[in-house]
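Enquirer: Have a look at this prediction, sequence included:
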Amino acid sequence: LGNHDCVHPLSRKGMVQVEDPAFGFIGGQDEYALEAGPQVEGKTLARFIALNSGAWLEELPDSKRIETRLSRLRAWLAESDRFHWNFAYFHNPLYSFVVSKSRLFGFFTGGYGHGPEEQLRRLLEPELKGRVQAVFSGHEHFYQKIRPQNGVHYFISGGGGRIRKGAVKNHPEVEFAAETLHFLDVELTTTHLRYAAISPQGVRLHSGVVTR
């Protein structure tokens, strides 16, 4: 669930989409855990945890409201050992390297990226560390693969619509970045995650392997 899903008042902060079966939100919930793949050596291949990062950002100042989401996430993460792979996915990236915006004659220039949600990162990263192997996000309108942070691989794949400039490509923490339309293909075995960002023409823009 992204910020554009929540703009119109009639969307009720995106809940209209969440409650509509056509959008595929499991159980009509804005957050859920999905198990996928066969049982191998007593473990399910993969588990995906979907979070509503927009709601987390909205509720962060209210400790009582955020505690409900945090408690639910902790319960899911406590079962991480049941799976060979654990993934989290949500709209707003915890890590994002974008061109810094500067002010010139009262106007912002030099970048179109949103940048990382550092406050959310401070809350979520200690929970995810050691329990998930990769996090997938969008929000930025480009592709960016971040080098592992505290053992977690971060992917930004926002290349399904209008592309924006501003992705930093030459940074010690950026494995690869591209400002182009793309989709992200991921293949799993119990020991390897193979990923590839692919253009609409079928060109492989970037690929790699994560070993479990």
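Expert: Yep, it's here.
Enquirer: so who does the one residue sitting closest to the centre of the chain touch?
Expert: Geometric centre of the chain, nearest residue: residue 137, 2.1 Å, by Cα atoms, centre = their mean. Residue 137 makes contacts with 53, 89-94, 96, 154-158, as judged by Cβ atoms under 8 Å, 6 or more residues apart in numbering. Using the backbone N, CA and C atoms, a C-beta is placed for each residue, glycine as well.
Enquirer: of these, closest to residue 11?
Expert: residue 91 (14.3 Å; Cβ to Cβ).
Enquirer: and the closest one, how many neighbours?
Expert: 22 (other Cβ atoms under 10 Å).
Enquirer: For residue 187, see how far away it is.
Expert: Look at residue 91 and residue 187: by Cβ to Cβ, to the nearest Å, they are 24 Å apart.
Enquirer: In helices, which of the contacts of residue 137 appear?
Expert: residue 53 (DSSP state H).
Enquirer: quick revisit: pull up the gap between the residue nearest to the centre of the chain and residue 38, please.
Expert: Counting by Cβ to Cβ, the gap from residue 137 to residue 38 is 27 Å.
Enquirer: any chance you could map the helices in the protein?
Expert: Using DSSP H, helices in the chain cover 15-19, 53-59, 63-77, 118-128.
Enquirer: residues of the third one that come out buried?
Expert: When neighbours are counted by 16 or more other Cβ atoms under 10 Å, the buried residues of helix 63-77 are found to be 66, 69-70, 72-73, 76-77.
Enquirer: what pLDDT, on average, does it get?
Expert: Helix 63-77 shows a mean pLDDT of 93.
Enquirer: now what about that helix, what contacts it?
Expert: 31, 33, 47, 49, 51-52, 55-56, 59-60, 86, 123-124, 127-128, 131-132.
Enquirer: Dump it to PDB, restricted to CA.
Expert: The C-alpha atoms that make up helix 63-77 are tabulated as PDB, following Å, rounded to 0.1, in the frame of the first residue of the first chain:
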ATOM      1  CA  SER A  63       3.500   5.100  21.000                       C
ATOM      2  CA  LYS A  64       0.200   3.400  21.800                       C
ATOM      3  CA  ARG A  65      -1.000   3.200  18.200                       C
ATOM      4  CA  ILE A  66       2.400   2.000  16.900                       C
ATOM      5  CA  GLU A  67       2.700  -0.600  19.600                       C
ATOM      6  CA  THR A  68      -0.100  -2.700  18.000                       C
ATOM      7  CA  ARG A  69       1.700  -2.900  14.700                       C
ATOM      8  CA  LEU A  70       5.100  -3.500  16.400                       C
ATOM      9  CA  SER A  71       3.700  -6.300  18.600                       C
ATOM     10  CA  ARG A  72       2.300  -8.000  15.500                       C
ATOM     11  CA  LEU A  73       5.500  -7.700  13.600                       C
ATOM     12  CA  ARG A  74       7.500  -9.100  16.600                       C
ATOM     13  CA  ALA A  75       5.200 -12.100  16.700                       C
ATOM     14  CA  TRP A  76       5.800 -12.800  13.000                       C
ATOM     15  CA  LEU A  77       9.500 -12.400  13.300                       C
END
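Enquirer: Lovely, talk soon.
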